[in-house]
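Undergrad: okay, predicted coordinates and the sequence, questions at the end:
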Amino acid sequence: MIIRPSGPLGGSETTPAADGEDPSPRTGRCQCGSIVYRVEGVPDDPHLCSCRHETRISGGPAVLWVGFRKDGLTWTGPGGEPRWYATWPTLRRGFCPRCGTHLVSVADDSDMVMVTGFSLDDRSGTDPVGHSYRQEAVPWMTVALADGPGLLPAAPRTLDTTGGKMPAPPALRRHQARR
């Protein structure tokens, strides 16, 4: 499946990939240009996440994640690979040690890598199709996306009753289960 933009005002539509269709590689980078990457393949599960990790790491109300196959990722910039920080025992985040830009998230048991959508040079086809941890989103943020692809919007936001001990995001669990 390929997710493509559906018009001049945004939105996206999912269409089957033609046999043998290989989307053009995409590049992405940090703010200072030291860490540069290339991803190949079809973007998978572009979604927003408002979990506490993402809001603290990004300093914003949500992060746009876009999945690609881990074997399609290559570090091409002068800084090589990013510096890594483990936010869960099995989940590492990659960031530029020079400028601090958060670029990727990799789960140990997944064949996917999630790149931050706005680090991509070409964001076409990456409009979010879901919003994980929407109940954690700031109250002034209007969430119009479903919890995940093909799902109906969730119930209104509720207070976190887990004491900050949240399970892995739904998209990450889906990627881990595919293995």
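TA: Arrived safely. Numbering: from 1, shown residues only.
Undergrad: low-confidence ranges in the protein?
TA: 1-22, 146-179 (pLDDT under 70).
Undergrad: ranges for the strands of it?
TA: 2-5, 12-15, 26-29, 36-39, 44-49, 63-69, 73-75, 83-88, 91-95, 102-107, 112-116, 131-132 (DSSP state E).
Undergrad: how about those strands in a markdown table, adding mean neighbour count and distance to T55?
TA: In this view, the C-beta of every residue, glycine as well, is placed from N, C-alpha and C. Below are the strands of the chain laid out as a markdown table (neighbours: other C-beta atoms under 10 Å; distance: least, C-beta to C-beta, whole Å):
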| stretch | mean neighbour count | distance to T55 |
| --- | --- | --- |
| strand 2-5 | 17 | 25 |
| strand 12-15 | 14 | 24 |
| strand 26-29 | 20 | 21 |
| strand 36-39 | 20 | 23 |
| strand 44-49 | 23 | 9 |
| strand 63-69 | 23 | 8 |
| strand 73-75 | 16 | 25 |
| strand 83-88 | 13 | 12 |
| strand 91-95 | 20 | 13 |
| strand 102-107 | 22 | 12 |
| strand 112-116 | 25 | 13 |
| strand 131-132 | 26 | 12 |
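Undergrad: which one of those strands lies nearest to P139?
TA: Of all the strands of the chain, it is strand 131-132 that lies closest to P139, at 14.5 Å by C-beta to C-beta.
Undergrad: which residues does T74 bridge with?
TA: R38 (DSSP bridges).
Undergrad: right, I mislabeled it, should have said C49
TA: Beta-bridge partners of C49, as defined by DSSP bridges: V63, S132.
Undergrad: end to end on stretch 107-124, go ahead and measure it.
TA: For stretch 107-124, the first-to-last residue distance is 25 Å (C-alpha to C-alpha, to the nearest Å).
Undergrad: also stretch 45-60?
TA: Stretch 45-60 has an end-to-end distance of 20 Å (criterion: C-alpha to C-alpha).
Undergrad: offset the numbering so it begins at 597, please.
TA: Sure thing, new numbering starts at 597, so read that last one as stretch 641-656.
Undergrad: rewinding a little: the strands of the chain: which one's closest to S720?
TA: Nearest to S720 among the strands of the chain is strand 598-601; the distance by C-beta to C-beta comes to 5.6 Å.
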